[in-house]
Structures are given as C-alpha cells and as structure tokens.
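S.K.: Have a look at this prediction, sequence included:
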Amino acid sequence: MRKTEKISPSELIYQKLSEEKILEKIDYSDFVKICLEFVEYFIFPFSDRELDSYIDYSKDFLWGRIDEKQILRYQKEAFDDFGNITDEHEKAIQAVICLCLNYKFLTEAHSKWKTESKNPIGFKSITHYTLDSIPTFLHYIEAVDGKLCEYFYEYLKVYIKNK
C-alpha cells in the first residue's frame, strides 16, 4: 500500500504560485501591499478586536510617514499583545499582524525577492526568486483558516489581471 502525504493548503498554493509564475509578474512592494489589503478584507473579519491601526502603521511605514524605529516599536507592541492573547484563533490572527508589522517583511530584507542570473555568461539567463515571505505569509493565514490560502491565490490573480 502506498503511503500518501497530505499537502497543506499553504504548500499547495505556494506550488501553484510557483508553477504559474504569478509572483514574477509583480514587484515585492506590490506583494506587500496586496498582503496588507488581504489581511484587512479577509482576516480582520475573523476577529472581534479592533485591528485597523496595526495595518495603518504598516502602510504609514511603506509611505514614509513613520521611520524604522517607529515600525519596530509597533512590531514589538503587536508581539507583546500576541503574548497576552489566550484564544488560539485570535493568536493566529495576531501572528499574521505581527508579520505584517515586521520590518524585514515590509522592506524585502526577509524575502530575498530578487532576480538573479544563474548563467554567468548571460546566455538565456534563468530568472529565479527566493520567496521566503510567500510561504511564511501563506502559513500564517492558513493558521487562521485554511481556505484563506486559496482566497489569497485568487486575490493575487485578480490583482495581476487588473494591473
């Protein structure tokens, strides 16, 4: 009998994104903005808490209204809040928020989202991405609800189509 391994929703969507090269069609900064919008529209409704200010801080940082020191302070506050939450579902939502306030996530440092030539002489250069932020984001939203990974995939596709 053959042993089958179940693939998680986040892994399945990550595979689809990679196979369809969807992420090659957007810049990392656009990816972050899409994630923030997605969190507002699809994840906040799962919570009874007031969460808008968290994403506002992330947007303020992206638009230069607050600096690195301030976003790191808000990131710490969100992480402190995470430690005080006892409900597991709310904790999963707060983990997504912590990621969205993460300086490295917001600035591309964590993702290594870049294009590099694998061919040193330049013939038919192969483009590849190291997408640490993608599986991390998918994993976190999966912890809130597994269906969110598929919703995110569709959300990205609509964004690219309308771009």
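M.R.: Here it is on my side, so go on. Residues are numbered from 1 along each chain as shown.
S.K.: what's the burial count for residue 92?
M.R.: 20 (other CB atoms under 10 Å). (Each C-beta comes from the backbone N, C-alpha and C, glycine too.)
S.K.: which SSE is it in?
M.R.: helix 88-100 (DSSP states H and E).
S.K.: go on, residue 159?
M.R.: Short version, using DSSP H and E: residue 159 is in helix 147-162.
S.K.: So which elements touch that helix?
M.R.: If you count contacts as 3 or more CB pairs under 8 Å, 6 or more residues apart in numbering; DSSP states H and E, helix 147-162 packs onto helix 9-19, helix 28-38, helix 133-144.
S.K.: Quick one: closest of the ones you listed to residue 153.
M.R.: helix 9-19 (4.8 Å; CB to CB).
S.K.: how about low-confidence regions in the protein?
M.R.: Counting by pLDDT under 70, the chain has low-confidence residues at 1-4, 109-131.
S.K.: give me that answer again for 50
M.R.: Flagging of the chain using pLDDT under 50 yields the residue ranges 1, 110, 113-131.
S.K.: which residue packs closest to the residue minimising distance to the centre of it, ignoring adjacent ones?
M.R.: The centroid of the chain falls nearest to residue 137 when counting by CA atoms, centre = their mean (3.4 Å). Setting aside the residues directly before and after it, residue 137 is nearest to residue 35 in space (CB to CB, 6 or more residues apart in numbering), at 5.7 Å.
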